[in-house]
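A.B. asks: quick check, what structure comes out for this input:
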Amino acid sequence: MPDIQRKPKLSRHLWVIYSLSIILLAFLWYFEWVLGLIMTLFLAASFYYTILTEKTLLDETEAYISAISHRIKRVGEEALLEMPFGIILYNEDYKIDWANPYMNKFSEDDTLVGESLQVLSDNMIPLIKENKEEIWIEIEGFKFLTLIKKDERLIYFLDRTKQAEIENLYQSEQTVLAFIFLDNYEEITQNMDDTAKSQLNSEVTSVLNNWAHEYGLYLKRTSQERFLAVGTKQILEQLEKAKFDILDEVRELREQNNPVTLSIGIGTGEVDLPELGELAQSSLDLALGRGGDQVAIKQENGKVRFYGGKTNPMEKRTRVRARVISHALTELIKVSDNVIIMGHKSPDMDSVGSAIGVLNIAKTNNINGYIVLDSDDIDTGVYRLVDALKADNEIWQHFIEPSEADELMTNRSLLVIVDTHKPAMVADSGLLSNTDYKVVIDHHRRGEDFIDNPTLVYMEPYASSTAELVTELLEYQPKGMKLKMLEATALLAGIIVDTKSFTLRTGSRTFDAASYLRSKGADTVLVQQFMKEDLSLYVKRSKLIERAEVYRDAVAISKAETGLTYGPVLIAQAADTLLTMTGIDASFVISEREDGRVGISARSLGNVNVQLIMEKMGGGGHLTNAATQIEETTIEDAATLLKEILDEYFEGRET
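C.D. replies: Purely as a prediction, here's the structure:
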């Protein structure tokens, strides 16, 4: 504080008192001068004492203010130079004009002055230009919350390293629940004696206990085929790095044709334990719905990650389930106003054939049924079948456009979705919200997106096709309505196309279904007529095959010429053809589509799970048959991304 001499000043009320006293003294001097003299001396002494007291008080106040001012100045200097947070002033060129000693510790030259802000963080300058007021950065292992005052070109650096460590610890210690299920335990053990069954149980339990001990999981067997595991998010991260190798360990316990496989459903997130359990059960249902032998991890936001699923699912559905589903579907049909049947966009033989089969079930139960078919979305693969259906008025009268379906639907209509379970894939997604009664019949592995609140779900990834599933349902229907030759042929065509003439995904039940359809008059010659193609399409497909390259020794990748568009059926056929080549285990055909997107069709013999690969590119499908469509990309970019995912897939499988 400046050294200023101050004179003591009397307060206003004291001046008033002294003024009145002087007036009173004047009267005393006039009437009684002796008393006036005494009072004058007394008033002078009082005035002197008052002035002295005021001066002492003023001196003490000035000393106190001076001391406080000095302390505040010193504290301010220490806060600026010695407090444990950073301060930086920068100029218009984003170079550092001044930094306090705390920040200078992060410089090799003991000072940051003259350096660019970029030496602290590469993204700091761009974020400042975006008018960000707070930025998280890391400097030499320290994590800082930076507060930016752009007008003053001032930045505060607040050390939040301990806070980040606590947050990381909190995240890593979050509880994770897992339900473990032996997919085919019942099938494997049904013909075993007690000794063999006990030995299998001991082997499985031992492998799982060793796995749990290695990673620090709590594991409890809750039944012969179910386990409960409790761990943390940190343990889950370690399991994901190991690609859940426990799936391979359990599968290798039995090298016979029917190995033991696991499905694991995991729930994770910042939720309470009951909801965590629901997430784990939902994940397990999803893993089983996709064919088992895999892990599904579901987060609280609904996102799902998958591991495993690299083996071909074995046929293990029972005729009991088919009969139960058939009877349940019959009951739903009987109480409905009508039945609306809908497949996926750009329908194929399986979609149309299975829809015709469900139509027959509706007619058998004396309920009006209709098949939704967009006349503008008929691909070359089914137009011959559609032409044959048009010639049969008894069947064709049940085919309607999506707009007609909207008019026919009531709140008691039964909507049956065949050959897909994804809302975005159905022929008309608007119909999904028009009724509360929905049935899903599909043979694809279950994906993340699923039709909301279905009344009945019949999903069997072990089946060759949806047509096979519907054929089995037909076998348990009343015998009043006979299956027409064209209906049986359409169903058989769906099976033949999806199995590539009984070469892929074909089990004993597939042949049983085909035999049943043949007994109902299915014409194999007519199927071949439906599957014929034009010479021009054959030439286009040959050009795609000609452009194929072999990647990683056993994967064929064909990239269509830029500027030429191909339909999904044509590139799928090209992928099928590439799969027949010697040494090829999987094939991918990439082309531009008429809608501007880039389409990829993927096929495999079962050694490569193309579904997992396509899911990482936004698509889906089956282990041996999958596809995707990508927006705002090029063929070359799509091929580059595909190769990166293939590298990750093969490297993860080898470890």
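A.B. asks: isn't Val358 right up against Asp419?
C.D. replies: No: counting by Cβ atoms under 8 Å, Val358 does not reach Asp419; the two are 10.6 Å apart. For the C-beta atoms, the positions are set from N, CA and C on the backbone; glycine is no exception.
A.B. asks: got the residue ranges for the strands in the stretch 451-600 of the chain?
C.D. replies: 456-459, 548-551, 555-559, 586-592, 598-604 (DSSP state E, counting those that start in this stretch).
A.B. asks: pull the contacting residues for Leu642.
C.D. replies: 557, 588, 590, 600, 613, 617 (Cβ atoms under 8 Å, 6 or more residues apart in numbering).
A.B. asks: centre-most residue in the protein?
C.D. replies: Geometric centre of the chain, nearest residue: Lys303, 3.0 Å, by Cα atoms, centre = their mean.
A.B. asks: which of Val358 and Asp419 has more neighbours?
C.D. replies: Ranked by neighbour count (other Cβ atoms under 10 Å), Val358 and Asp419 place Asp419 first, with 30 against 27.
A.B. asks: which ones are touching Asp93?
C.D. replies: Ser116.
A.B. asks: quick one: it and Lys150, what's the gap?
C.D. replies: 14 Å (Cβ to Cβ, to the nearest Å).
A.B. asks: got it, and Leu236?
C.D. replies: 41 Å.
A.B. asks: which elements pack onto the helix or strand where Val440 lies?
C.D. replies: Here Val440 sits within strand 437-442, counting by DSSP states H and E. With contacts taken as 3 or more Cβ pairs under 8 Å, 6 or more residues apart in numbering; DSSP states H and E, strand 437-442 sits against helix 319-334, strand 414-418, strand 456-459, helix 466-475.
A.B. asks: can you get me the start-to-end distance on stretch 363-373?
C.D. replies: 18 Å (Cα to Cα, to the nearest Å).
A.B. asks: now do that stretch: distance to the chain's middle.
C.D. replies: How far stretch 363-373 lies from its chain's middle: 37 Å, per Cα atoms, centre = their mean, to the nearest Å.
A.B. asks: and if you look at stretch 105-112?
C.D. replies: With Cα atoms, centre = their mean, you get 43 Å for stretch 105-112.
A.B. asks: residues of that stretch that come out buried?
C.D. replies: 106, 112 (16 or more other Cβ atoms under 10 Å).
A.B. asks: other residues contacting that stretch?
C.D. replies: 88, 96, 99, 103-104, 115, 119-120, 139-140.
A.B. asks: now list the buried members of those residues.
C.D. replies: For these, buried by 16+ other Cβ under 10 Å: 88, 96, 99, 103-104, 115, 120, 139.
A.B. asks: I'd like the residues you listed written out as TSV, with pLDDT and distance to Gln528 added.
C.D. replies: Output for those, formatted as TSV (pLDDT from 0 to 100; distance: Cβ to Cβ, whole Å):
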residue	pLDDT	distance to Gln528
Ile88	85	78
Ile96	85	78
Ala99	84	81
Met103	81	79
Asn104	80	83
Glu115	84	76
Leu120	84	71
Ile139	82	71
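A.B. asks: centre of the chain to stretch 113-133, how far?
C.D. replies: That offset, for stretch 113-133, works out to 33 Å (Cα atoms, centre = their mean).
A.B. asks: do the same with stretch 434-454
C.D. replies: 18 Å.
A.B. asks: quick one: mean pLDDT for it?
C.D. replies: Confidence over stretch 434-454 (mean pLDDT, whole number) is 85.
A.B. asks: keeping just the C-alphas, turn that stretch into CSV.
C.D. replies: Extracted in CSV, the C-alpha atoms of stretch 434-454 (Å, rounded to 0.1, in the frame of the first residue of the first chain):
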residue,chain,number,x,y,z
ASN,A,434,-50.5,-51.8,-37.3
THR,A,435,-51.2,-54.9,-35.1
ASP,A,436,-50.2,-56.3,-31.7
TYR,A,437,-50.0,-59.9,-33.0
LYS,A,438,-46.8,-60.7,-34.9
VAL,A,439,-45.2,-64.1,-35.6
VAL,A,440,-41.5,-64.4,-36.8
ILE,A,441,-40.4,-67.5,-38.6
ASP,A,442,-36.8,-67.4,-39.7
HIS,A,443,-33.7,-69.6,-40.1
HIS,A,444,-31.0,-66.8,-39.9
ARG,A,445,-28.9,-66.3,-36.9
ARG,A,446,-30.4,-63.7,-34.6
GLY,A,447,-29.0,-60.2,-34.9
GLU,A,448,-29.1,-57.2,-32.7
ASP,A,449,-32.1,-55.7,-34.4
PHE,A,450,-35.3,-57.6,-33.9
ILE,A,451,-39.0,-57.1,-34.5
ASP,A,452,-40.5,-55.6,-31.3
ASN,A,453,-42.8,-57.6,-29.1
PRO,A,454,-43.5,-60.7,-31.3
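A.B. asks: tell me the buried residues in that stretch?
C.D. replies: So for stretch 434-454, counting by 16+ other Cβ under 10 Å, buried means 434-435, 437-447, 450-451, 454.
A.B. asks: for Ile367, helix, strand, or coil?
C.D. replies: coil (DSSP: H, G, I helix; E, B strand; the rest coil).
A.B. asks: not counting its neighbours along the chain, what's nearest it?
C.D. replies: Using Cβ to Cβ, 6 or more residues apart in numbering and skipping the chain neighbours, the partner closest in space to Ile367 is Ile333 (5.2 Å).
A.B. asks: the one you found contacts Asn365, doesn't it?
C.D. replies: Yes: contact criterion Cβ under 8 Å: Ile333 and Asn365 qualify, at 4.9 Å.
A.B. asks: higher neighbour count, the two?
C.D. replies: For Ile333 and Asn365, the more surrounded residue by other Cβ under 10 Å is Ile333, and the numbers stand at 24 against 20.
A.B. asks: what distance do you get for that one to Leu359?
C.D. replies: Distance from Ile333 to Leu359, by Cβ to Cβ: 11 Å.
A.B. asks: please apply the same query to Gln299.
C.D. replies: Gln299 is 40 Å from Leu359, by Cβ to Cβ.
A.B. asks: what about these two, which has more around it?
C.D. replies: Neighbour tally, Gln299 and Leu359, criterion other Cβ under 10 Å: the higher count belongs to Leu359, 22 against 16.
A.B. asks: pLDDT score for that one?
C.D. replies: pLDDT, Leu359: 95.
A.B. asks: got the contact list for it?
C.D. replies: Applying Cβ under 8 Å, 6+ apart, the residues near Leu359 are 339, 341, 369-371, 395, 398, 487.
A.B. asks: ok, now Arg597?
C.D. replies: Arg597 touches 629-631, counting by Cβ under 8 Å, 6+ apart.
A.B. asks: could you double-check that Asp379 sits in contact with Ser346?
C.D. replies: Yes: counting by Cβ under 8 Å, Asp379 does reach Ser346; the two are 4.9 Å apart.
A.B. asks: what do those two both touch?
C.D. replies: Shared contacts of Asp379 and Ser346, counting by Cβ under 8 Å, 6+ apart, come down to 567-569.
A.B. asks: what's the domain layout of the protein?
C.D. replies: Using automatic domain parsing, the domain parsing of the chain gives 12-81, 86-164, 173-308, 319-530, 537-654.
A.B. asks: ok so, going back, same list, the buried ones among the contacts of stretch 105-112, but as TSV with secondary structure please.
C.D. replies: Converted to TSV, the buried ones among the contacts of stretch 105-112 look like this (three-state DSSP):
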residue	secondary structure
Ile88	strand
Ile96	strand
Ala99	strand
Met103	helix
Asn104	helix
Glu115	coil
Leu120	coil
Ile139	strand
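A.B. asks: which of those residues sits closest to Val295?
C.D. replies: Ile139 (38.1 Å; Cβ to Cβ).
A.B. asks: count the neighbours of the closest residue to Gln611 other than its chain neighbours for me.
C.D. replies: Once flanking residues are discounted, Gln611 sits nearest to Ala626: 4.6 Å by Cβ to Cβ, 6+ apart. Using other Cβ under 10 Å, Ala626 has 26 neighbouring residues.
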